[in-house]
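Participant: Could you work out the structure for the sequence below:
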Amino acid sequence: MFNFPIFLNLETMRCLVVGAGPVGRRKTEKLLLAGAGAVCLLDPAAPGEAEALFLKYPAFRRVQAEFEPGHLDGAGLVFAATADVGLNAEIARLCSQRNILCNTASEPENGRFIVPASREKAGVYMAVRAHSPVLSDLLCAELSETLGERHAAAVEWLRQLRPLFIASGLNPEARREWLRQLAEFALNPTRVEAERLNGRICGEAAASLPPELLRAVAAGLAHLAGASNG
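Facilitator: Modelled structure (predicted):
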């Protein structure tokens, strides 16, 4: 069995992290960096100096208390990150009853999801799971080293083009085929391919595409081909 990969939009989600140790603080930081709507860090101990950096985030809240089932009220995502394996398992059980996504630090199989190793570079977000956290992290780091400026340029260009193509009225198959060809070009731009694509889009597709899209495609083809000196 494999885990279903997914990238969550946390903008309106309330997240709860139980346990303010190193693992809990790492989870809290990632949630805040991901723009979670609200992040509550729960621990019976008084807040430590390591938590000070979280205070700059309006979404952050620290609660000094022992875990109670009521703390799950309204939560959409929970991390059970205490040093107590039994407590983590109980939190996971309660979350399962309420259909709340839960990750447990001590026994990942008890939770509803796992957190893969991840990196962001050149506008590319990468997540890797290799059934070993250490190996996953090393593989993710190695793969991210292959990303550079040309990938960042490709990401930005296709990010601009996609909504223009969606609004163009093209049928989904034709739209996907155009975006596939342009993405392949963006990853390996040459002047010859730029001229070919520009001829096609300004010829056979010009009548069916809005001027704004045609201009964006032509500008990107010229820029990427020029930058590649190919």
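Participant: which intervals of the protein have sub-threshold pLDDT?
Facilitator: 1, 204, 229-230 (pLDDT under 70).
Participant: Look through this structure and report the residue furthest from the middle.
Facilitator: Distance to the chain centre peaks in the chain at residue 203, reaching 37.3 Å (criterion: C-alpha atoms, centre = their mean).
Participant: And it, how far from residue 71?
Facilitator: Applying C-beta to C-beta, to the nearest Å, the value for residue 203 to residue 71 is 62 Å. Any C-beta I mention is one placed from the backbone N, CA and C, and that applies to glycine too.
Participant: And for residue 120?
Facilitator: Applying C-beta to C-beta to residue 120 and residue 71 gives a distance of 31 Å.
Participant: These two: who's more crowded?
Facilitator: Taking neighbours as other C-beta atoms under 10 Å, residue 120 and residue 71 compare with residue 71 leading, 18 against 11.
Participant: Could you list the domains of this structure?
Facilitator: 14-115, 117-147, 149-228 (automatic domain parsing).
Participant: Using TSV, lay out these together with distance to residue 2.
Facilitator: Output for the domains of the chain, formatted as TSV (distance: least, C-beta to C-beta, whole Å):
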stretch	distance to residue 2
domain 14-115	11
domain 117-147	9
domain 149-228	25
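Participant: Tell me which of the ones you listed sits most buried.
Facilitator: Among these, domain 14-115 has the highest mean neighbour count (mean count of other C-beta atoms under 10 Å), at a mean of 17.
Participant: part of a helix, is residue 157?
Facilitator: Yes. Judged by DSSP: H, G, I helix; E, B strand; the rest coil, residue 157 forms part of a helix.
Participant: How about it, nearest residue that isn't a chain neighbour?
Facilitator: Excluding the flanking residues, the one nearest residue 157 by C-beta to C-beta, 6 or more residues apart in numbering is residue 220, at 4.4 Å.
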